[in-house]
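Chemist: Here's my sequence, what's the structure:
(chains A and B)
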Amino acid sequence: MSRPLSLAEAVEAAVHDGDTVAMEGFTHLIPHAAGHEVIRQGRKHLTLIRMTPDLIYDQLIGMGCADKAVFSWGGNPGVGSLHRFRDAIQNGWPHPLQIEEHSHAAMANAYDAGAAGLPLAVLRGYVGTDLPGVNPNIRSIVCPFTGEVLAAVPSIRPDVAIIHAQRADRAGNVMLEGIVGVQKEAVLASKRAVVTVEEVVEDFGPRSPNAVILPAWTVTAIAVVPGGAYPSYAHGHYKRHNAFYKAWDAISKDRDSFLAWARENILEQGPELFAGLVEDLMEAAE
Amino acid sequence: MSGYTPTEMMTVAAARALKNEDVCFVGIGMPSAAANLARLTHAPDITLIYESGTLGTKPSVLPLSIGDGELCETALTTVPVPEMFRYWLQGGRISVGFLGGAQIDRFANLNTTVIGPYDQPHVRLPGGGGAPEIATSCGEIFIIMAQSRRSFVDRLDFITSFGHGEGGDNRARLGLKTKGPTRLITDMALFEPDPTTKEMIVTSLHAGVTREQVAEATGWPVRFADGVTDTPPPSATELQTLRDLQARTARAHATA
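Modeler: Modelled structure (predicted):
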């Protein structure tokens, strides 16, 4: 896949109603622009997998795109609640949301197992907690060598992974750096992968031989969206907009103010919006 | 006893619990403030680890999230999140896990999942995140929480992170070899587990706090150790370092 698509083309080609979708990025490189595009295309009945639903899934859930969320920490980091996520769980608005709740360790292991083509992940986890009582996908397995009882969860194998990265080269290889989270695992665990990037370069140039690179043949579609992680950040490009994460609390608290914000900032916009949003956050701008 | 707030006293007392040799898995919020205060005062060589994969990080401002760029830029190295949980946490490399919570009970079990029934919650909280495995895989656990009847409860609605369970040898019976919660630091007092029952009991009172006030802010009949001590108030250096850190943080988060 050497020719970058428009974001609309990339999302249209890869994301369908009823899909299981993992939009990953652990605080860093969260694919917000792609999330907006999924909302604009009116996708429904999605199962949304993400360790930390963050603002991106708050928006998708609030706009009625999701039937189910698989997650391990559903808050606005350092701020408080995800109000749309909470409203869906507590009050069924805009419609009921089924949840499958894990711990970070289990989800990280489950992505790893998915990338490795295994049916399950095994970990020393969930000991003494009430989570296995509310999530039938948390079970146990006995080690055949030692007899130790360990936790087992199904591997994560999404229909589509969506991530944001710093750059792609002309051949369609993708490079990411900084906090790399579970993105490599999510892409390799998925049937299809959409990647938005800050820029396309002729060549990655000098780099560590251990740089995190997703070869072109592991990626379904690439779209160039400068600023596409905003209000999350892209290491080396722009900083996390912590002030917006705080402002989201008031925007999202009320259904009407959320819908007004979404109309103005998602439905009536396109991906070109994002380049402007990060102008004042550029690393050099300080 | 004026000149500092109860929250400042709590943060300073929590920082003092950490040692220079510790490898500390840091939760966001108050644990992060305490851990960095320790690093900026008596424990300059402490290794701070955040679940975003940042190992040996030295942020000059406190992160708002667990994965702010500041953490990665100042880290010795940044590893993928599955590696963080598998090799470093589950692998037994962490000496202290530093947690907060929404609710705690007398055996230092924590709830960060729901208030009310799970299927029909009155309040849906964020959930466990890294805490369920931090609570069992780290050598020991320190907990920092402001005290009130709403948060220090007789019975948890949900156990997100296992402390001492029902007390006694409950951890050992579940096969856990780690110590679990060894210190609970609040804005009123310091608690440690009773050696036998593992109930968290008051071992030190912060200046100006009475036993009656602690009892009033605790949702179970709180017990006091023999020979409760007085928590030394924050030193000028501790207080100034904390305030400088928080002022830098506030400036940084207001603009970006």
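
Chemist: what ranges do the helices span in the chain?
Modeler: As the question left the chain open, I've gone with chain A. A:7-14, A:32-40, A:54-62, A:83-91, A:104-115, A:131-134, A:183-189, A:242-253, A:255-262, A:273-277 (DSSP state H).

Chemist: was after chain B, sorry
Modeler: Under the criterion DSSP H, chain B contains helices at B:6-16, B:30-40, B:69-73, B:81-83, B:131-137, B:170-173, B:211-216, B:236-255.

Chemist: Please convert the ones you listed to CSV, extending it with mean pLDDT, mean neighbour count and distance to A:G80.
Modeler: Using the backbone N, CA and C atoms, a C-beta is placed for each residue, glycine as well. Compiled in CSV, those are given as follows (pLDDT from 0 to 100; neighbours: other Cβ atoms under 10 Å in any protein chain shown; distance: least, Cβ to Cβ, whole Å):
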stretch, mean pLDDT, mean neighbour count, distance to A:G80
helix B:6-16, 98, 23, 17
helix B:30-40, 96, 25, 14
helix B:69-73, 92, 23, 20
helix B:81-83, 98, 23, 23
helix B:131-137, 98, 29, 17
helix B:170-173, 98, 16, 31
helix B:211-216, 98, 14, 27
helix B:236-255, 92, 15, 14
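
Chemist: Serialize those helices to a markdown table and add fields for distance to A:A121.
Modeler: Shown next, in a markdown table, are the helices of chain B (distance: least, Cβ to Cβ, whole Å):
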| stretch | distance to A:A121 |
| --- | --- |
| helix B:6-16 | 34 |
| helix B:30-40 | 27 |
| helix B:69-73 | 26 |
| helix B:81-83 | 9 |
| helix B:131-137 | 13 |
| helix B:170-173 | 24 |
| helix B:211-216 | 43 |
| helix B:236-255 | 36 |
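
Chemist: circling back: out of the helices of chain A, flag the one nearest B:T112.
Modeler: Shortest separation from B:T112 across these is recorded for helix A:131-134, at 11.3 Å, computed as Cβ to Cβ.

Chemist: mean confidence for the closest one?
Modeler: Helix A:131-134 shows a mean pLDDT of 98 in the predicted model.

Chemist: what comes up buried for that helix?
Modeler: Of the residues in helix A:131-134, A:131-132, A:134 count as buried by neighbour count, 16 or more other Cβ atoms under 10 Å in any protein chain shown.

Chemist: Which residues of the stretch 151-256 of chain B lie near chain A?
Modeler: Within the stretch 151-256 of chain B, the positions adjacent to chain A are B:158-162, B:165, B:170-171, B:174-176, B:252-256 by Cβ under 8 Å from any Cβ of the partner chain.

Chemist: rerun at 10 Å
Modeler: By the rule Cβ under 10 Å from any Cβ of the partner chain, the part of the stretch 151-256 of chain B lying against chain A is B:156-166, B:170-171, B:173-176, B:178, B:180, B:249, B:252-256.

Chemist: Closest residue of the stretch 101-250 of chain A to chain B?
Modeler: In the stretch 101-250 of chain A, the residue that lies nearest chain B is A:G128 (2.9 Å; Cβ to the nearest Cβ).

Chemist: who are the neighbours in contact with that residue?
Modeler: B:109, B:132, B:135-136, B:159, B:161-166, B:170-171, B:173-174, B:176, B:180 (Cβ atoms under 10 Å, 6 or more residues apart in numbering or on different chains).

Chemist: Quick check, pLDDT for it.
Modeler: At A:G128, the model reports a pLDDT of 98.

Chemist: swap in B:H164?
Modeler: According to the model, B:H164 scores 98 on pLDDT.
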